[in-house]
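[1] Following is a predicted model, sequence given first.
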Amino acid sequence: MEQLVQLFKALSDKNRVRILKMLEARPLCVCEITEILGLAASTTSKHLHILTDAGLSFEQKDGKWVNYHLNRAAQQQYIKQLLPLMREWINDDPVVDQDRRNMQTTDRVDLCRPVRKNNSITRKVNTHELEKSI
């Protein structure tokens, strides 16, 4: 019963459902997900941690990026049954549709590119935030 409760808690947040719908299309790194959701990187990381702990996603290191994948090979019965159902659900939702369109124009290389500004090096973190010094 604990696994089922953890699974439903993970799905009880709109942003986490949005992340899962994006991961249906392709793996994404934290910076891409942060950009599309318009959240702080720390908030996005917390959502990803909850999804990973519930067994819905997993991470895989790829150079300087950590990609998040939908856990289609999950052994847990609830997840094996739920993920195919989720693929059928809310595909016509305007937010999910907008997220998918934003995925097409989000470039991880551009998001993580250092920028020199006023003699300091900054990194573009999120278009919804100002650049942060690194």
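    Noted; the coordinates are in hand. Numbers count the residues shown, from 1 in each chain.

[2] in the helix or strand containing residue 97, what's buried?
    Residue 97 belongs to helix 94-105 when assigned by DSSP states H and E. For helix 94-105, burial by neighbour count (16 or more other CB atoms under 10 Å) applies to 96, 99, 103. Placement of C-beta: from N, CA and C, glycine included.

[3] I'd assumed residue 8 was in contact with residue 56.
    No. Using CB atoms under 8 Å, residue 56 is not in contact with residue 8; the gap is 11.1 Å.

[4] which stretches of the protein have low pLDDT?
    Residues of the chain that meet the criterion pLDDT under 70 lie in 115-134.

[5] where along it do the helices fall?
    For the chain, the helices defined by DSSP state H cover 2-10, 14-25, 30-37, 41-53, 77-88, 94-105, 108-111.

[6] could I get those as a markdown table with distance to residue 69?
    Formatted as a markdown table, the helices of the chain follow (distance: least, CB to CB, whole Å):
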| stretch | distance to residue 69 |
| --- | --- |
| helix 2-10 | 15 |
| helix 14-25 | 6 |
| helix 30-37 | 12 |
| helix 41-53 | 10 |
| helix 77-88 | 12 |
| helix 94-105 | 14 |
| helix 108-111 | 15 |
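
[7] Which among these is found nearest to residue 63?
    Minimum separation from residue 63 across the helices of the chain (CB to CB) falls at helix 108-111, 10.4 Å.

[8] thinking again about what came up before, the helices of the chain: which one's closest to residue 65?
    Using CB to CB, the nearest of the helices of the chain to residue 65 is helix 108-111, at 6.4 Å.

[9] Return the residues in contact with residue 102.
    35, 36 (CB atoms under 8 Å, 6 or more residues apart in numbering).

[10] one step back: more neighbours: which of residue 56 and residue 8?
    Neighbours were counted for residue 56 and for residue 8 using other CB atoms under 10 Å; residue 56 has more, 27 against 12.

[11] Now the more buried one: phi and psi?
    phi -80, psi -20 (degrees, to the nearest 10).
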